[in-house]
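Engineer: structure for this input, please:
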Amino acid sequence: MAQWEYLTLFVEANARPKETQEFLKRRFPKKKFVRYSPESLMPELDRLGAEGWELVHMEPVAQVGGKGDVLFPAGTKWGRTYFCVFKRAKTELSRPIPTTPPVQAQPTPPAPQAPVTPTPTPTPAQDE
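Structural biologist: Numbering: from 1, shown residues only. The predicted structure is shown next:
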């Protein structure tokens with residue numbers, strides 16, 4: 001059974017950066033784009049796709065708060081930010097590093113050795 005890893009991001013539409021404008025001109029040579037055109041998301045989506053990420057969900061959000069909270073559109077606020085969910089097949093290389101260090105094997109203490117009893121060395125007999 002396939003295992004997946006997921007990535008969630010807020011992606012902002014903005015056709016003003018020079019790299020984005022160049023990308024859009026190459027991709028759509030005859031089209032003019034407004035500042036927050038959804039097509040301006042394509043360079044980032046293409047980059048993630050090249051890394052193996054597949055976009056599985058995209059939803060516009062009106063605003064992202066400083067704590068990462070989301071203001072959902074109620075029809076009265078304009079937004080250019082999209083909440084995106086991506087997935088890709090998990091591989092050995094993409095498995096996350098554990099947040100807690102793995103338990104290290106303790107070194108095996110050396111086997112106890114029998115105590116060494118010193119053997120007396122013979123002394124030459126002395127004459128009385």
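Engineer: all strands of this protein, in order?
Structural biologist: Counting by DSSP state E, the chain has strands at residues 4-12, 54-61, 63-64, 70-71, 81-89.
Engineer: any idea which of these is most buried?
Structural biologist: Of all the strands of the chain, strand 81-89 has the most neighbours on average by mean count of other Cβ atoms under 10 Å, namely a mean of 17. C-betas here are computed from N, CA, C, even on glycine.
Engineer: that strand packs against which elements?
Structural biologist: Under the contact definition 3 or more Cβ pairs under 8 Å, 6 or more residues apart in numbering; DSSP states H and E, strand 81-89 sits against strand 4-12, strand 54-61.
Engineer: partner strands of the shortest one, parallel or antiparallel?
Structural biologist: Right, the one you point to is strand 54-61. strand 81-89 (antiparallel) (DSSP bridges).
Engineer: need the helix or strand of this structure with the lowest average pLDDT.
Structural biologist: Of all the helices and strands that make up the chain, strand 70-71 has the lowest average by mean pLDDT, DSSP states H and E, namely a mean of 76.
Engineer: list the strands paired with that one, with their directions.
Structural biologist: Strand 70-71 sits in its sheet next to strand 63-64 (antiparallel), going by DSSP bridges.
Engineer: and the helices in this structure?
Structural biologist: 18-27, 42-50 (DSSP state H).
Engineer: mind giving me the packing neighbours of the first one?
Structural biologist: This points to helix 18-27. Packing partners of helix 18-27 (3+ Cβ pairs under 8 Å, 6+ apart): helix 42-50.
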